[in-house]
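[1] A predicted structure for the sequence below; I have some questions about it.
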Amino acid sequence: MRLARFTVPRAAAAALAVGAAWALGAQLAFPTLTPLYDGLSQLDPYRYLTPTGSQPGNPGGFASKPGLDANGQSRAFAALTPENPPQAQLIALGGAFVAPAGSTSMDVTIEPVQPLDQPTAGAIAGNVYRFTVVDDAGNAFGVAPGAQPTITLREPDGVTDAVLGHDTPDGWVALQTVHGGALGLLQAQVTELGDYAVLTGVSPPLDLGPIAAIGLAIGVPLVAVAVYLVLRLRRERRARAIAAELARNRARVPSKRRRRR
């Protein structure tokens, strides 16, 4: 009993000590620069490009050169502005962008900019961010067919019920948006880059994809059941009709005994 009472706690303490040593060594060897958001941390206030009153200013941007693979394919990257949490992010897998002909470089930038125009419905909340992927000559990369890089923007403090919007040649368009919970992060998959912002007072277009999938998931089994029931009812009616016809035929055939008499 004494062995069971003292050996297990000592083994657990030793395991914790080893784990703590590993964690400390890893942190010293490879210090983590990007904050994690799964615990309590001090969140930065939202920083405005054009602050008013007591609003903090000087929002950060991002610039990096992920480069291209040997075959000219765009590399995977994660672009984040320096706030905690980042106010703007662009994440893409390898091959998500198509390089212009002859390009040998890829530059990724995120910068807060003044809006080129205002939305006709709703309002811009916070900063407009311009997302670009270009080569050294300034030629823009296109988004590869089927690839949907992810843009994430942070809602300004106190903003709720918002969506992401994209400033297109036809004006601001609300996007299908995934809400990131308490941190106020809004996410959308996009098919082109450009100017994006958080919009309030608008609703995204109805996404018929999930509705169609749900309809198929419910409708196909219902149709199958209905067809089965109809065919079964027809078979039962036919069987009853055949049985009735056989009964009538037996009734019309004279008895052999009667014929002998």
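    That came in fine, so what should we check first? Remember, predicted model here, so these are calculated numbers, not experimental data. Numbers count the residues shown, from 1 in each chain.

[2] OK, contacts around Q118?
    By C-beta atoms under 8 Å, 6 or more residues apart in numbering, Q118 lies in contact with 124, 172. C-betas here are computed from N, CA, C, even on glycine.

[3] what about the helices in the protein?
    2-29, 208-252, 256-260 (DSSP state H).

[4] helices and strands around the strand ranked longest in the chain, which ones?
    Counting by DSSP state E, the longest strand found in the chain is strand 123-134. When contacts are defined as 3 or more C-beta pairs under 8 Å, 6 or more residues apart in numbering; DSSP states H and E, strand 123-134 sits against strand 88-92, strand 107-113, strand 150-154, strand 162-168, strand 194-200.

[5] the bottom helix or strand of the chain by mean pLDDT?
    helix 2-29 (a mean of 50; mean pLDDT, DSSP states H and E).

[6] any low-confidence regions in the stretch 151-261 of the chain?
    For the stretch 151-261 of the chain, the stretches flagged by pLDDT under 70 are 181-182, 204-228, 230, 252-261.

[7] on that earlier part again, I'd like the helices and strands packed on strand 123-134 written out as a markdown table, with mean neighbour count added.
    Shown next, in a markdown table, are the helices and strands packed on strand 123-134 (neighbours: other C-beta atoms under 10 Å):
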| stretch | mean neighbour count |
| --- | --- |
| strand 88-92 | 23 |
| strand 107-113 | 19 |
| strand 150-154 | 23 |
| strand 162-168 | 21 |
| strand 194-200 | 22 |
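
[8] I'd like those strands laid out as CSV, including distance to N58.
    Listed next are the helices and strands packed on strand 123-134 as CSV, based on distance: least, C-beta to C-beta, whole Å:
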stretch, distance to N58
strand 88-92, 14
strand 107-113, 10
strand 150-154, 15
strand 162-168, 23
strand 194-200, 18
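
[9] of the ones you listed, which is nearest A243?
    strand 162-168 (65.2 Å; C-beta to C-beta).

[10] state the distance from the nearest residue to R130 once chain neighbours are set aside to V190.
    Excluding its sequence neighbours, the residue lying closest to R130 (C-beta to C-beta, 6 or more residues apart in numbering) is V113, at 4.7 Å. V113 is 17 Å from V190, where distance means C-beta to C-beta, to the nearest Å.

[11] so what does the residue lying closest to G72 once chain neighbours are set aside have for phi and psi?
    Once flanking residues are discounted, G72 sits nearest to A99: 5.6 Å by C-beta to C-beta, 6+ apart. For A99, the backbone dihedrals (degrees, to the nearest 10) come out as phi -80, psi 140.

[12] count of neighbours near A99?
    Neighbourhood size, A99 [other C-beta atoms under 10 Å]: 20.

[13] mind listing what it touches?
    Applying C-beta under 8 Å, 6+ apart, we find A99 in contact with 68, 72-74, 106, 135, 141.

[14] again with V108
    Per C-beta under 8 Å, 6+ apart, neighbours of V108: 62-66, 77, 79, 90, 132-133.

[15] try 7 Å
    Going by C-beta atoms under 7 Å, 6 or more residues apart in numbering, V108 touches 64, 66, 77, 79, 90, 133.
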